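Enquirer: Structure for the following, please:
(one chain, ligands or ions: 1)
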Amino acid sequence: MKGIRHLIDISDLTTEEIDGILAVAEDIMRDRAKYAHACEGKKIATLFFEPSTRTRLSFEAAMMELGGKALGFASASNSSTTKGESVMDTIRTVSAYADIIAMRHPLEGAALAASRRSIVPVINAGDGGHCHPTQTLADLLTIKDRHGRLDHLTIGICGDLKYGRTVHSLINALTRYEGNRFVMISPPELTIPNYVRYEIMEPRGAVWSHCTDIEDCIADLDVLYMTRIQRERFQDLDEYERLKDCYVLNAEKMKAAPEHMSVLHPLPRVKEINVDVDDDPRACYFKQVEYGKFMRMALILRFLSDAEKGYCPEPNPRKIYTAADGFVCHNPKCVTAVETDLPQQFSLRDQAHNIYRCEYCETRFGHYK
Ligand code: ASP
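Expert: So this is what the prediction gives:
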């Protein structure tokens, strides 16, 4: 039997598919009435085991604007998780009630694990510090609308590049478009994870530089993507306290930015963008929220249609290793660390450097250099 198509990582979509989803989102923005009944009789379940304002509500609003209905829960404490139910069992149950599921969970790899149990498409709405593909699609739509293109841009990414899941997915998407240059603005402790650097940026020949202060590079940027320091992902809260206010964008710093630059932020912000930037025409972070809904409408249409047609791309063929081969994932935030019934699975990522990865959380084993 053919599998069901899920969106776990932005890599699950080809560049053509991303462009196609953005084009449908743009069409929805032009003519909302045309889509008002497209999902009549359909239901989305939003299962949020971790807090969210925008992502959950925008999935629900998206389905409602398509004429469908939404059900679900907004925190793990409102689900049978409190009785000890596994994510896998929750998903198997909910997939009997809904046509599509959007799920957020604090454990890395939870969406992939869920998708293996679901009988309907699962959309990853954020799994721990791992990835957040639907935020990336909203980010791309914002950039495209503002700059008219997704290529030949200089993008500054500022803040928590280590734990910011939106950053990992955004880099994965923008490195596919020609001529983009990246400026990574972070303290050394919060720089991008090795796998993003060595498996996404370097193989694609991404051009990037590092900068410690916003002031030193803002004049060169087309896009400035600000992020929150992800308090909930730090194991050492003293380190968080030390780093939490390391970047603050304000009206004074914006004076050096080009007229055409846009400021994005996946929100929520804490202090990294001062409110005195909000009325600057270059501030796009609230617009980004609106785009998120239209893009999620396009995404729901695409994944429901693929499910109806029974379309599911073949996964990349790779040999899967298990605990019996002597591997174990030591990431305490991996879904397999908590859902111990899940069989751990690994694959070889980089033969030259002998790097293996956990299939769920993508933690790498071995040495890069
Ligand atoms: N809302 C985004 C996320 O869920 C960004 C953030 O929380 O900082 O990852």
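Enquirer: how about residue 325, phi and psi?
Expert: Dihedral pair for residue 325: phi -90, psi 0, per degrees, to the nearest 10.
Enquirer: Check residue 100 too.
Expert: Phi and psi for residue 100, reported as degrees, to the nearest 10, are phi -160, psi 150.
Enquirer: Distance from stretch 116-135 to the middle of the chain?
Expert: Centre-to-centre, stretch 116-135 and its host chain are 8 Å apart (CA atoms, centre = their mean, to the nearest Å).
Enquirer: Stretch 189-202 too?
Expert: Worked out by CA atoms, centre = their mean, stretch 189-202 lies 15 Å from the chain centre.
Enquirer: same thing with stretch 15-33?
Expert: Counting by CA atoms, centre = their mean, stretch 15-33 is centred 19 Å from the centre of its parent chain.
Enquirer: ok, now stretch 27-39?
Expert: For stretch 27-39, the distance to the chain centre is 25 Å (CA atoms, centre = their mean).
Enquirer: and it, how far apart are its ends?
Expert: Chord length of stretch 27-39, first to last residue, is 16 Å (CA to CA, to the nearest Å).
Enquirer: residues in contact with that stretch?
Expert: 63, 65-68, 294, 297-298, 300-301, 304 (CB atoms under 8 Å, 6 or more residues apart in numbering). For glycine as for every other residue, the C-beta is placed from the backbone atoms N, C-alpha and C.
Enquirer: Would you mind checking which of the residues you listed is nearest to the ligand?
Expert: Nearest to the ligand out of the contacts of stretch 27-39 is residue 294 (CB to the nearest ligand atom; 17.4 Å).
Enquirer: tell me the secondary structure for the closest one?
Expert: Three-state assignment for residue 294 (DSSP: H, G, I helix; E, B strand; the rest coil): helix.
Enquirer: what distance separates the start and the end of stretch 189-207?
Expert: Start-to-end span of stretch 189-207 (CA to CA) is 21 Å.
Enquirer: what comes up buried for that stretch?
Expert: Within stretch 189-207, the residues scored as buried using 16 or more other CB atoms under 10 Å are 190, 192-193, 195-201, 206.
Enquirer: out of those, which are inside helices?
Expert: Among the buried residues of stretch 189-207, the members found in helices (DSSP state H) are residue 195.
Enquirer: Was I right to think residue 139 contacts residue 171?
Expert: No: counting by CB atoms under 8 Å, residue 171 is not a contact partner of residue 139; they are 10.9 Å apart.
Enquirer: circling back: between which two of the contacts of stretch 27-39 is the distance greatest?
Expert: 294 and 304 (16.1 Å; CB to CB).
Enquirer: what's the burial count for the residue of the stretch 101-250 of the chain found nearest the ligand?
Expert: Closest approach between the stretch 101-250 of the chain and the ligand, counting by CB to the nearest ligand atom: residue 228, at 4.0 Å. As a burial measure, residue 228 scores 20 neighbours (other CB atoms under 10 Å).
Enquirer: Just give the closest residue to it, not the sequence neighbours.
Expert: Nearest in space to residue 228, with sequence neighbours left out and distances taken as CB to CB, 6 or more residues apart in numbering, is residue 270 at 5.3 Å.
Enquirer: and that neighbour, how many neighbours does it have?
Expert: 12.
Enquirer: Ok, residue 312 next?
Expert: 15.
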